[in-house]
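*Asks:* model this:
(one chain, ligands or ions: 2)
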Amino acid sequence: MIDLQNRTAVLATMHQKEQAIAPILQQELNLNVLVPNDFNTDVFGTFTRDIKRPADQIETAKLKIHKALELTGETIGIASEGSFYPYPSFPLISCDREIIVLIDLENNLELIAEVVSTDTNHSYQSISNVEQAIEFASKIGFPEHALIVSEKQNPTPEDKFFKGITTIEQLSDHVQYLLSLSSKGIVHLETDMRAMFNPTRMKIIEQATYELVKKFKNKCPNCSYPGFDVMKRKSGLLCSLCHLPTSMIKAEISQCQNCNYSEEKLFPNGITTADPTYCNYCNP
Ligand SMILES: [Zn+2]
Ligand SMILES: [Zn+2]
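*Replies:* Ligands and ions are numbered 1, 2, ... in the order given. Predicted coordinates for the structure are as follows:
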């Protein structure tokens with residue numbers, strides 16, 4: 001039986017994500033969270049894009065965890081990663097995809113949880129005067145949510161930018177300064193998405209942490225290993241009219257990472273036939 005009780009997990013962050021993550025893991029799993037001193041996560045990529053992520057979200061989180069485990073000698077590591085992009089079915093709205101990964105070396109356990117939410121203030125704009133900057137600030141929840149002002153939309157480490165702006169005075173000073181350097185009279189403004197500067201994002205990290213707890217508590221019916229979860233979805237739900245298979249989901253297969261025991265659940269969405277609208281034969 002795998003237990004995390006009274007053990008210590010190292011959280012690879014320098015953006016105070018422990019505020020969202022630690023109380024939940026303490027309360028739900030009795031797991032203590034420690035943040036290493038001077039752990040620089042910027043080498044693993046920044047939201048200002050001056051330093052690129054070395055890999056995708058999940059792989060980057062794993063790299064951070066292994067670095068933090070190496071530094072501290074602990075055996076449980078946690079990292080979270082966020083990314084912001086246009087919501088697929090509603091491209092005018094931004095969404096926040098937060099993933100959180102837990103690795104326990106002692107038990108050879110790896111859990112990954114994810115939340116995608118449209119609850120985000122992620123936004124950017126090019127501006128040419130201070131009034132526009134203040135108007136933008138008023139729409140994104142400033143000053144509780146901070147801003148970034150930069151010389152270029154996609155800065156390199158040599159370009160000038162200011163992060164973590166939380167007062168109107170700083171904002172107008174930095175905008176005026178960068179405007180004075182710009183040959184086109186334009187500067188770039190965007191929301192600062194680092195967790196400690198973005199309470200809305202901090203809430204989504206909280207939700208992802210609850211997802212992680214839920215995954216941990218989902219035990220394999222065969223060996224009790226945590227993280228028994230849907231690994232595959234099978235399409236082929238039959239059309240209610242012509243009874244041919246459609247691309248809609250017919251079954252979900254959950255599998256254990258430890259003993260490979262698997263279970264197939266038919267009709268996971270609670271419907272046993274597909275509407276002919278989704279049928280290639282009835283509605284080509
Ligand atoms: Zn199992
Ligand atoms: Zn049909």
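
*Asks:* who in the stretch 101-250 of the chain is up against ligand 1?
*Replies:* Contact residues (Cβ under 5 Å from the ion) of the stretch 101-250 of the chain with ligand 1: C220, N222, C223, Y225. (C-beta placed from N, C-alpha, C; glycine too.)

*Asks:* Can you list which of those are found in strands?
*Replies:* Secondary structure from DSSP state E places none of those in strands.

*Asks:* from those, which two are the most distant?
*Replies:* Within these, N222 and Y225 form the most distant pair, 8.4 Å apart (Cβ to Cβ).

*Asks:* anything in contact with each of the two?
*Replies:* C256, C259 (Cβ atoms under 8 Å, 6 or more residues apart in numbering).

*Asks:* which of the two has more neighbours?
*Replies:* Y225 (19 against 14; other Cβ atoms under 10 Å).

*Asks:* My read is that that one contacts Q255, right?
*Replies:* No - look at Y225 against Q255 with Cβ atoms under 8 Å: they stay out of range, at 10.8 Å.

*Asks:* Between these two, which contacts overlap?
*Replies:* Common neighbours of Y225 and Q255 (Cβ under 8 Å, 6+ apart) do not exist.

*Asks:* who does the closest residue to ligand 1 within the stretch 51-200 of the chain bridge with?
*Replies:* Residue of the stretch 51-200 of the chain nearest ligand 1, by Cβ to the ion: L109 (11.7 Å). Note on L109: beta-bridge partners by DSSP bridges are D104.

*Asks:* Can I get stretch 237-244 in CSV, CA atoms only?
*Replies:* The C-alpha trace of stretch 237-244 is given here as CSV (Å, rounded to 0.1, in the frame of the first residue of the first chain):
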residue,chain,number,x,y,z
LEU,A,237,-20.6,4.2,-30.6
LEU,A,238,-23.4,2.9,-32.9
CYS,A,239,-25.7,5.3,-34.8
SER,A,240,-29.3,5.2,-33.4
LEU,A,241,-30.7,5.2,-36.9
CYS,A,242,-28.5,3.0,-39.1
HIS,A,243,-26.6,1.1,-36.4
LEU,A,244,-23.2,1.8,-38.1
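
*Asks:* quick one: what helix or strand has Q170 in it?
*Replies:* Assigned by DSSP states H and E, Q170 belongs to helix 168-181.

*Asks:* Any buried residues in that helix, and which?
*Replies:* For helix 168-181, the neighbour count (16 or more other Cβ atoms under 10 Å) marks Q170, L171, S172, H174, V175, L178, L179 as buried.

*Asks:* helices or strands next to it in the packing?
*Replies:* helix 130-139, strand 147-150, strand 161-165, strand 187-191 (3 or more Cβ pairs under 8 Å, 6 or more residues apart in numbering; DSSP states H and E).

*Asks:* need those in JSON lines with mean pLDDT, can you?
*Replies:* Listed next are these as JSON lines, based on pLDDT from 0 to 100:
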{"stretch": "helix 130-139", "mean pLDDT": "96"}
{"stretch": "strand 147-150", "mean pLDDT": "95"}
{"stretch": "strand 161-165", "mean pLDDT": "93"}
{"stretch": "strand 187-191", "mean pLDDT": "95"}
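
*Asks:* now these in CSV, with mean neighbour count and distance to M14?
*Replies:* Formatted as CSV, the helices and strands packed on helix 168-181 follow (neighbours: other Cβ atoms under 10 Å; distance: least, Cβ to Cβ, whole Å):
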stretch, mean neighbour count, distance to M14
helix 130-139, 15, 25
strand 147-150, 24, 17
strand 161-165, 18, 13
strand 187-191, 25, 19
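
*Asks:* Select, out of the ones you listed, the one closest to E98.
*Replies:* strand 187-191 (15.4 Å).

*Asks:* The closest one pairs with which strands, parallel or anti?
*Replies:* Strand 187-191 is paired, per DSSP bridges, with strand 124-127 (antiparallel), strand 147-150 (antiparallel).

*Asks:* Dump the last one to PDB, restricted to CA.
*Replies:* C-alpha atoms of strand 147-150 as PDB (Å, rounded to 0.1, in the frame of the first residue of the first chain):
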ATOM      1  CA  LEU A 147       1.700  43.700 -15.900                       C
ATOM      2  CA  ILE A 148       4.800  43.400 -18.100                       C
ATOM      3  CA  VAL A 149       5.900  46.200 -20.400                       C
ATOM      4  CA  SER A 150       8.400  45.300 -23.100                       C
END
